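Peer 1: Below are the sequence and a predicted model for it; my questions follow.
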Amino acid sequence: MNNDNLNAFGIWLEINGRSPFTVSGYIHDLKLFSSWNERVNGIPLSPYSLSVRDVLAYRTYLLMDQRASVRTYNRRLAALRAYVKWAREGGSIEWDPLENLRMLREHRPGSAFLGGKELSAVKRAAKRMVKRAKKPREKALALRDYAILSTLFSTGLRIHELCELDMTDIELSRRSGWLCVSKGSDIRRRKLRLRALIRLALEEWLEVRPWTKSSALFISLRSRRRVTRRAMQTCITRIGKSAGVKVTAQTLRHTFAKSLIEAGVSIDKVTRMLGLSDRYYTARIYGDSNDETSNNASE
């Protein structure tokens with residue numbers, strides 16, 4: 001890497017109010033990128049040689065090969081962004097090869113996965129509630145809650161996506177079923193296949209669902225309106241408490257994704273099924289699979 005460029009970049013950082021710690025960190029990160037670039041492309045880093053292809057390849061190298069943390073990746077990207085800004089202000093380049101590259105979100109350690117025994121315990125607790133319900137209203141409530149739980153751990157929906165589902169968003173037949181997430185951005189809109197057990201849970205709920213003008217799939221039995229996120233989370237917590245397992249909608253979403261990865265479903269498909277935009281974020285949270293996705297992996 002050209003030392004004159006590196007020194008000029010360091011001076012520019014200082015002029016722009018960066019701390020000595022940040023300046024030394026950015027220069028260190030740029031040297032690492034330059035070493036990688038020289039190994040891969042045979043040339044050191046310079047403003048003229050930086051390309052979108054190289055930056056994307058470096059991202060793959062960090063996240064998939066080096067298994068770098070999200071914090072490390074974001075710091076390296078911040079250093080490159082500052083370098084590009086310096087180069088553009090100095091007239092060395094006219095465009096930004098990092099324009100469409102985003103920082104990754106850090107995974108919050110509070111989000112957990114359920115083990116197989118824990119998930120089975122939660123399912124059994126929900127079924128027990130259905131069996132023990134005697135009065136029609138109690139039965140309907142238990143069937144609704146069981147359908148909510150089944151949908152969450154079988155599709156990985158966000159809780160607000162489940163709340164927003166309408167009757168027209170599901171297609172049920174004897175041999176197949178589909179669920180459509182039709183609201184939100186293009187990335188979040190998706191169509192998911194429903195397994196036989198979840199189709200049965202939804203059908204049993206629909207048989208006892210009270211008539212209402214609301215088009216919502218899941219409604220409050222008291223108000224006959226769309227069930228709220230808080231009420232939905234309360235029902236999940238109640239089932240988990242009965243099973244002796246701490247569970248949330250987010251926990252079920254993480255468990256769904258993790259089970260797909262362990263079944264050999266590709267990162268790209270899991271990312272699409274979750275309604276996410278960044279496969280690298282999916283890989284960091286749930287791990288990676290080298291196997292090809294089978295058409296029936298989510299069945």
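Peer 2: Thanks, I have the structure now.
Peer 1: so what are the domain limits for this structure?
Peer 2: For the chain, automatic domain parsing gives the domain ranges 3-89, 116-286.
Peer 1: Just name the most buried of these.
Peer 2: Ranked by average neighbour count under the criterion mean count of other C-beta atoms under 10 Å, those are headed by domain 116-286 at a mean of 17. C-beta: built from backbone N, CA, C; applies to glycine.
Peer 1: Now do that domain, average pLDDT.
Peer 2: Confidence over domain 116-286 (mean pLDDT, whole number) is 91.
Peer 1: do stretch 71-79 as well
Peer 2: With pLDDT averaged residue by residue, stretch 71-79 scores 87.
Peer 1: Just send the domains of the chain back as a markdown table, with distance to Pro97 too.
Peer 2: Putting the domains of the chain into a markdown table (distance: least, C-beta to C-beta, whole Å) gives the following:
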| stretch | distance to Pro97 |
| --- | --- |
| domain 3-89 | 5 |
| domain 116-286 | 17 |
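Peer 1: of all these, which lies closest to Asn100?
Peer 2: Asn100 sits nearest to domain 3-89 of all those, at 8.0 Å, using C-beta to C-beta.
Peer 1: what about that closest one, start to end distance?
Peer 2: Across its full length, domain 3-89 reaches 19 Å between end residues, using C-alpha to C-alpha, to the nearest Å.
Peer 1: Need the CA coordinates for the one helix or strand Lys269 maps to. CSV is fine.
Peer 2: Under the assignment given by DSSP states H and E, the secondary-structure element containing Lys269 is helix 267-274. Extracted as CSV, the C-alpha positions of helix 267-274 are listed here (Å, rounded to 0.1, in the frame of the first residue of the first chain):
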residue,chain,number,x,y,z
ILE,A,267,-28.5,-19.7,3.5
ASP,A,268,-30.1,-17.9,0.5
LYS,A,269,-33.4,-19.8,0.9
VAL,A,270,-33.5,-19.3,4.7
THR,A,271,-32.9,-15.6,4.2
ARG,A,272,-35.9,-15.4,1.7
MET,A,273,-38.1,-17.5,4.0
LEU,A,274,-37.4,-15.2,6.9
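Peer 1: Follow the chain on from it and name the next helix or strand.
Peer 2: Proceeding N to C from helix 267-274, the next assigned helix or strand is helix 279-286, under DSSP H and E.
Peer 1: Which strands or helices does the helix ranked longest in the chain pack on?
Peer 2: Among the elements of the chain assigned as helix by DSSP state H, the one spanning the most residues is helix 20-41. Contacts defined by 3 or more C-beta pairs under 8 Å, 6 or more residues apart in numbering; DSSP states H and E place helix 20-41 against helix 3-15, helix 52-60, helix 70-89.
Peer 1: could you redo the last one with a cut-off of 6 Å?
Peer 2: Here helix 20-41 touches helix 3-15, helix 70-89, going by 3 or more C-beta pairs under 6 Å, 6 or more residues apart in numbering; DSSP states H and E.
Peer 1: Pretty sure Tyr286 sits against Phe256.
Peer 2: No. Look at Tyr286 against Phe256 with C-beta atoms under 6 Å: they stay out of range, at 9.8 Å.
Peer 1: Just the pLDDT for Leu50.
Peer 2: As summarised for this prediction, Leu50 has a pLDDT of 81.
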